[in-house]
Structures are given as C-alpha cells and as structure tokens.
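> Could you look at this predicted model? Sequence included:
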Amino acid sequence: MRSLLLYGVVRDDHPLADPPPLGAGDPPGRIRLVRRPPVAAVVSPVSDPVRIADQDAERHLDVLLGLLADGPVLPLRLGSVAPDEDAVREEVLGQAAPQLRGQLDALDGLVEVHVDADEDELTAIRAVIAADPSLAAAREGLDGPGGETNLQTRMALGERVADGVVLRRLHQAEALLDALRPHSVANTGRGPMGGPEDPVLRWAFLVHRDAEPSRRGLEHFDEAVERVRDDHPELVIGYVGPLPAFHFLDLAEAAEPAEAAGEPEHGRWGW
C-alpha cells in the first residue's frame, strides 16, 4: 500500500523540474503537485508503514529548497502523511486554500535565514571576572583556610559569575540584533538562549531575497552578518539560509484582528 508524504504548499501554477526530483522514503518516489486551486500540495508516494530516517529529514529540506527557488512555499512538518490525493485536497488544503494562497502571496520574494551565536564558557567567565575587580579579588581570597565559610563564599562567587555571564550574553545578543534587525522584514527567537548554558543567540530573520532601490535584500543581510563577525571575534556566529519561512507562516494573518476567544487554533497541518 502507498501513502503520500507531504512537503509543503505552493501556488497551483508552481513549476516543477522535468523530471521532478525524488522525495524521501525507501524507495523514494518523485514529487508531484496535488492541486486545489488556487494552491497545491507537494507530495511523493511512500510505502506503508511510513518510516522516517535521518536522511529523509535532509531530503525533505532539499525538496523545500528546490521549490523555494521558483516561488514561495509553506513548509509542512516532516513526516506528514495522507492516504490519497482526495485526503490531500479535502483535509490538507480544503477550505483553507484561499487563506493559504494569501500566505503564499505575502511571503513572495521573502526567505528565512538563521543566525546562531555562542561563546566558549571559559572565555565568557574570564571576561566577566576581568571586567569586575571585586570578582577577581574575591577569587584570590578563596585559597586561604575557611572550611564551611569558604565553601559558602565559593558558591556565592559562582552565582555572581553566572549572573555576570547571563548579563554579558544579554548585551551581546542585543548588540547582534541591533545590527541585523534593520536588514530584515520580521524576526523572532528560535529557542532558549542567554542562560548560563544556553547560546548567546538563536534567531530567525525574514529577508527580501532581492534588493531594490527602496529596500535591502539578502546580499545586504549577508554583509551585515560579516560585519558582526568582525565586530565580535569572541563569538562563533553561524549563518544558514536562505530557507522557507518556517517561523513566519502567520505573516499574512498579522494584520487581521485577533479572535475574541484568544489565539486561533491550528490543525494538524499547521494552520
């Protein structure tokens, strides 16, 4: 028995390569469009029972990146499966098709990029101690006798240093965001950060792919990332993109009034 593995939603006239690329699964099938105008779902056949391996995650992303080269795409969760094309049309797209088309139109020409920044923990601790003479003096005084009192002093000093590391990471993150936000349309955090054991920054930015006289594009964002790398040699700064707008799928809804009962509910497909 064969099911359909889903990758994302595109406009119903979105072009595919000839022949279309292979999707995920073992053996992999070629992707195709299941249309419900004005949108279409990108699918490929997959054998039941469906098993998702590590290489399938890479292939899923490869398919999305290939689609993104020819227009906007709303990514679906890895491992999303439908039994047949009718289920795709009715359950995945269904009455949401006009709304999905609006989201695609809102994301046209935009791509997501990720910026991660971190600092070696020992480097951060040394910088915090070097910046506060009272911490350095307290540390030097720990080598003498003291027993329980000395242990309590060590614990208090450790807490002060940890607080200093957190504050340092907060300031570093603010500096990075101040430098990068002006080059983006929207931005949002992607996970825990700033804590003693967290990275300095894990952030997603929505950026125009192409520049125009009145706006900055992806090339300008690339240059901004290189500048912050030069300005912050103490940080290891990772940069990935362009990607589909994983973190900005509600962009088209941002200007609509919120529902009286609170945030709108999202179905199994992400909308």
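Received it, and whenever you're ready, just let me know what you need.
> Regarding Val88, what is its secondary structure?
helix (DSSP: H, G, I helix; E, B strand; the rest coil).
> list the contacts for it?
Leu4, Leu6, Val34, Arg36, Ala41, Val43, Ala82 (C-beta atoms under 8 Å, 6 or more residues apart in numbering). (C-beta placed from N, C-alpha, C; glycine too.)
> With respect to Ala162, which of these is nearest?
Leu6 (44.4 Å; C-beta to C-beta).
> That closest one bridge partners, please.
Beta-bridge pairing for Leu6 (DSSP bridges): Val43.
> how many neighbours does it have?
25 (other C-beta atoms under 10 Å).
> need the contact list for it.
Ala41, Val42, Val43, Leu76, Ser80, Val81, Ala82, Val88, Val92.
> okay, the spatially closest residue to the fifth one that is not a sequence neighbour: pLDDT?
Read it as Ser80. Nearest in space to Ser80, with sequence neighbours left out and distances taken as C-beta to C-beta, 6 or more residues apart in numbering, is Leu6 at 4.2 Å. On pLDDT, Leu6 comes in at 95.
> Also Glu263?
At Glu263, pLDDT is 39.
> go on, Ala162?
Taking Ala162 on its own, its pLDDT is 79.
> How about the contacts made by the residue sitting nearest the centre point of the chain?
In the chain, the centroid-proximal residue (C-alpha atoms, centre = their mean) is Ala204; its distance is 4.9 Å. Ala204 sits next to Glu112, Val113, His114, Asn187, Thr188, Gly189, Arg190, Phe246, His247, Phe248 when contact means C-beta under 8 Å, 6+ apart.
> Looking at the helix or strand that it is a member of now, give me its mean pLDDT.
For Ala204, the host element (DSSP states H and E) is strand 201-208. The average pLDDT within strand 201-208 is 96.
> Name the strands paired with it and say parallel or antiparallel.
Assessed with DSSP bridges, strand 201-208 is paired to strand 110-118 (antiparallel), strand 186-189 (antiparallel).
> hang on, the earlier thing: state the distance from the residue nearest to Ser80 to Arg30.
Distance, Leu6 to Arg30, using C-beta to C-beta, to the nearest Å: 14 Å.
> next one: phi and psi at Pro213?
phi -50, psi -30 (degrees, to the nearest 10).
> wait, I meant Arg51
phi -120, psi 130.
> can you point me to the longest helix in this protein?
helix 148-180 (DSSP state H).
> Mind giving me the packing neighbours of that helix?
The contact analysis (3 or more C-beta pairs under 8 Å, 6 or more residues apart in numbering; DSSP states H and E) places helix 148-180 against strand 110-118, helix 121-131, helix 133-140, strand 201-208, helix 218-231.
> Lowest-scoring secondary structure element of this protein by mean pLDDT?
helix 133-140 (a mean of 60; mean pLDDT, DSSP states H and E).
> In the protein, where is pLDDT below threshold?
Residues of the chain that meet the criterion pLDDT under 70 lie in 1, 133-151, 153-154, 156-158, 251-271.
> buried ones in stretch 121-135?
Ala124, Ile125, Val128, Ile129, Leu135 (16 or more other C-beta atoms under 10 Å).
> most packed of the strands paired with strand 201-208?
Highest mean neighbour count among the strands paired with strand 201-208 (mean count of other C-beta atoms under 10 Å): strand 110-118, with a mean of 21.
> circling back to that earlier point, export the helices and strands packed on helix 148-180 to CSV and tack on distance to Leu177?
Below are these laid out as CSV (distance: least, C-beta to C-beta, whole Å):
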stretch, distance to Leu177
strand 110-118, 9
helix 121-131, 18
helix 133-140, 27
strand 201-208, 7
helix 218-231, 10
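> how about the ones you listed, which one is nearest Leu22?
So among the helices and strands packed on helix 148-180, strand 110-118 is nearest, using C-beta to C-beta, at 23.6 Å.
> what sits up against stretch 51-67?
7-8, 10, 14, 17, 21-26, 28, 31, 42, 44, 73, 75, 78-79, 243-244.
> Centre of the chain to it, how far?
Centre-to-centre, stretch 51-67 and its host chain are 16 Å apart (C-alpha atoms, centre = their mean, to the nearest Å).
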